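Trainee: generate coordinates for the sequence data below:
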Amino acid sequence: MGELPQLKYNVIGPQLLSVVVSDKAKKGQRITFKEFILSLAVFAPEARRETKLKFGFKAFDTDNDSALGRLDLMRLVRCLTPPEGLPNALEQKTLETVVEQILVEADLDGDGSLTYDEFVKVVEGTDFYSKLSLNL
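Mentor: Down below sits the predicted model:
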């Protein structure tokens, strides 16, 4: 993170960078320079909105089940709020209430998690999309 100053103060930076590293690299295999550069293309301001949203969804789907469940949403909300121990940090009970409210409002099929389409509806009208752009 410290090596990319454009992500230094981006609250979702760590999750975004975790997606940039391919499955190949996570298994200890080398990735080519071309693969690395292509994985960064999503951060270009000109990248398609849908590409950025799919990337963002994948960044927070930490268990790779193609849905944002309670644990995924808790991590997301934690990422967007002050860390525990700091002023204005959410207490665990409040965090759980926020996640429950997200599910009440956005989980249209009632399965206890957000699909990609439900996620898109949640982030519509927010600056989430802009957080996925690096202006170098």
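
Trainee: so A47 sits right up against A41, yeah?
Mentor: Yes: using CB atoms under 8 Å, A47 makes contact with A41 at a distance of 6.2 Å. From N, CA and C alone the C-beta is placed, and that goes for glycine too.

Trainee: the two: which is more packed in?
Mentor: A47 (16 against 11; other CB atoms under 10 Å).

Trainee: give the helix, strand or coil label for the more buried one.
Mentor: coil (DSSP: H, G, I helix; E, B strand; the rest coil).

Trainee: residues touching it, list them.
Mentor: The contact partners of A47, by CB atoms under 8 Å, 6 or more residues apart in numbering, come to A41, L132, S133.

Trainee: repeat that for P83.
Mentor: Here P83 is in contact with A89 (CB under 8 Å, 6+ apart).

Trainee: what distance do you get for it to A89?
Mentor: 6 Å (CB to CB, to the nearest Å).
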